[in-house]
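S.K.: have a look at this fold, sequence not included:
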């Protein structure tokens with residue numbers, strides 16, 4: 001292959017003593033990166049790469065990695081815990097061998113990033129991550145050989161994960177080289193995480209790796225679905241890997257190719273490989289002029305169907321300049337990620353680069369956790385209609401004419417106003433809960449494998465999907481930050497918060513677009529537990545209320561009387577005082593009959609089936625004043641004077657858990673937050689319009705009894 005037509009800009013050589021580790025901002029390929037020199041001398045650490053789509057990657061500083069789309073069941077490389085990923089570079093992911101072909105040259109191949117060369121003073125290693133967090137570069141400069149090799153991981157939705165390799169000739173003369181480069185242990189599509197982790201040898205037996213000869217496209221699939229049942233089971237998707245940027249290359253599927261190349265033997269080209277781990281290795285001969293570079297891409301994607309693979313094959317055969325399209329797609333992915341973060345005020349210009357980039361990263365990860373509005377305050381009516389049908393089909397049917405009259409997009413306030421005019425309180429409640437957020441995902445990573453992440457950024461048609469989900473604590477702490485950029489969504493976020501709390505003043509485990517979720521009893525799972533999660537419940541609500549008051553002082557007063565709020569009906573029963581005294585560590589019973597009734601209701605009308613109902617089957621509605629009173633009464637009912645708030649629901653406040661309060665005892669954290677919350681709510685009620693605000697009889701009685709106790713004391 002001829003060398004590139006123009007000299008490539010060289011990243012500056014690290015100005016630190018050999019073996020010293022240092023960090024600094026540098027420019028590389030037109031972008032700002034943070035570089036760590038001699039990173040290999042640090043204790044190995046885990047990194048994640050962001051993308052604008054559902055692509056995910058976790059990679060360690062040693063090069064071991066796992067990556068894929070959506071979740072760990074759609075992996076390109078095995079999803080392992082972080083300790084195993086630190087060692088995975090020996091057998092999984094990138095590998096490169098470079099051999100000189102000229103006379104009087106080194107006969108042994110150079111293997112960049114090999115442990116045997118890590119102590120060579122002529123070898124310099126640098127690690128770069130760009131400021132927007134979606135590109136990672138490993139670089140090794142061998143001053144003795146006069147060569148520099150680096151590869152960059154980046155992603156774009158059109159092609160998947162792209163590994164861009166650059167080989168630079170730093171000699172004063174041209175070089176003739178043979179290169180073998182590729183990806184090892186590529187998974188097939190269709191083997192779920194639990195299966196290949198627990199029965200990896202069985203999964204290997206079903207693996208099929210093949211190369212489409214005309215395009216060099218690698219296809220990694222299962223010969224059949226893996227099941228113990230007497231049934232036919234096909235897997236109609238595959239993972240793919242392909243190469244572009246080299247004029248001529250051969251593809252190898254077996255790891256034997258690495259051994260043959262290393263020992264100078266001819267290397268076979270396999271077209272198909274069954275029953276063993278899949279690899280995609282390419283070999284090529286390069287001629288690189290002094291000061292020039294050779295560059296190529298290896299591109300991997302997960303879960304491609306027949307149509308997508310056929311179209312990709314056609315593009316590879318017909319469009320030999322597809323590498324230029326890759327560069328454009330990667331740049332477009334950068335721009336989309338920048339727009340995403342910029343929409344939430346994540347872009348800063350400052351003389352302090354560390355602070356500005358740290359702010360960008362904070363906003364990026366905040367958006368990834370809780371989501372970000374699709375298009376400011378505009379709502380897509382088609383998606384809202386789908387949301388309404390999922391929440392309550394009966395409400396959607398009786399408001400069909402209203403929905404048909406709406407434009408394709410409508411402002412959040414305009415939709416809520418239309419809902420109020422409809423005089424349908426169920427419709428108005430659902431309108432207030434609708435949040436057109438995308439990019440949010442349930443969190444998790446290899447350092448915490450008990451958290452199973454999921455990124456639902458697009459639907460099966462490739463269209464942007466509006467979705468968010470997360471644990472109660474996670475989702476609301478992210479929205480607390482998001483509302484500084486989008487305060488107009490405060491009424492909806494407050495509605496989402498209070499509508500998910502229970503009549504006894506507690507909150508469920510998880511919040512999502514679809515509603516709420518709670519833990520169920522699973523005796524065979526040692527990690528299983530149930531309980532109300534009181535994580536910062538008071539302070540999260542208080543900060544939302546304080547923000548609403550600052551943004552629009554009349555907002556809360558106008559909502560106090562509106563009976564458009566609901567209660568979650570969670571099948572937990574708090575035991576009696578006498579039962580709790582007998583065993584303070586087991587305070588909640590799971591109501592199996594109620595859980596079954598809720599499941600039936602959800603199946604009949606939608607996610608509103610998880611809410612407390614009237615006898616006629618409609619959702620039981622209350623005003624905001626009652627929703628603010630109930631958690632206060634709940635906490636005051638558990639006040640221990642001179643101590644704190646008794647945590648009697650089997651789940652602690654997170655801060656108290658860090659201080660070794662394992663779910664039983666009293667919380668000083670909650671007590672302090674409650675004092676501030678009471679002051680705010682008291683002032684809110686005093687300044688509210690003089691209205692007769694009804695309360696549920698049970699809440700009124702509860703309030704009277706608590707007031708009597710405190711007045712008598």
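M.R.: That came through fine. Note that this is a predicted model, so its numbers are computed, not measured.
S.K.: what about the nearest residue to residue 551 once chain neighbours are set aside, neighbour count?
M.R.: Once flanking residues are discounted, residue 551 sits nearest to residue 487: 4.1 Å by C-beta to C-beta, 6 or more residues apart in numbering. Every C-beta, even on glycine, is put in place using the N, C-alpha and C of the backbone. By other C-beta atoms under 10 Å, the residues close to residue 487 number 16.
S.K.: and residue 397, by the same measure?
M.R.: Residues lying near residue 397 (other C-beta under 10 Å) number 10.
S.K.: for residue 488, same thing?
M.R.: As a burial measure, residue 488 scores 15 neighbours (other C-beta under 10 Å).
S.K.: list the buried residues in stretch 531-550.
M.R.: 531-545, 547-549 (16 or more other C-beta atoms under 10 Å).
S.K.: list the beta-bridge partners for the residue nearest to the spatial centre of the chain.
M.R.: Against the mean C-alpha coordinate of the chain, by C-alpha atoms, centre = their mean, the closest residue is residue 441 at 4.5 Å. With DSSP bridges as the criterion, residue 441 is bridged to residue 455.
S.K.: now do the contacts for it.
M.R.: Going by C-beta atoms under 8 Å, 6 or more residues apart in numbering, residue 441 touches 368, 369, 453, 454, 455, 456, 457, 468, 469, 470.
S.K.: quick one, phi/psi of the nearest residue to the third one once chain neighbours are set aside?
M.R.: Spelled out, it's residue 453. Excluding its sequence neighbours, the residue lying closest to residue 453 (C-beta to C-beta, 6+ apart) is residue 444, at 3.4 Å. Main-chain dihedrals, residue 444, degrees, to the nearest 10: phi 160, psi 160.
S.K.: same check, this time on residue 486
M.R.: Per degrees, to the nearest 10, the backbone of residue 486 is at phi -130, psi 70.
S.K.: next, count neighbours for it.
M.R.: Residues lying near residue 486 (other C-beta under 10 Å) number 21.
S.K.: give the bridge partners for residue 588, please.
M.R.: Beta-bridge partners of residue 588, as defined by DSSP bridges: residue 574.
S.K.: what's in contact with stretch 590-605?
M.R.: Stretch 590-605 is contacted from outside by 392-394, 520-521, 530, 569, 571-573, 608-610, 613, using C-beta under 8 Å, 6+ apart.
S.K.: likewise for stretch 296-312?
M.R.: Against stretch 296-312 from outside (C-beta under 8 Å, 6+ apart): 67-70, 74-76, 159-165, 181-183, 186, 189, 215, 217, 219, 236-246, 249, 280, 282, 284, 323, 326.
S.K.: ok, 7 Å please
M.R.: 68-69, 74-76, 159-165, 182-183, 189, 217, 219, 236-246, 323, 326 (C-beta atoms under 7 Å, 6 or more residues apart in numbering).
S.K.: got it, and stretch 55-63?
M.R.: Counting by C-beta under 7 Å, 6+ apart, 39, 42, 44-49, 65-69, 85-86, 89, 93-94, 113, 127, 136, 138, 153, 155, 160-161, 445-446, 455 sit against stretch 55-63.
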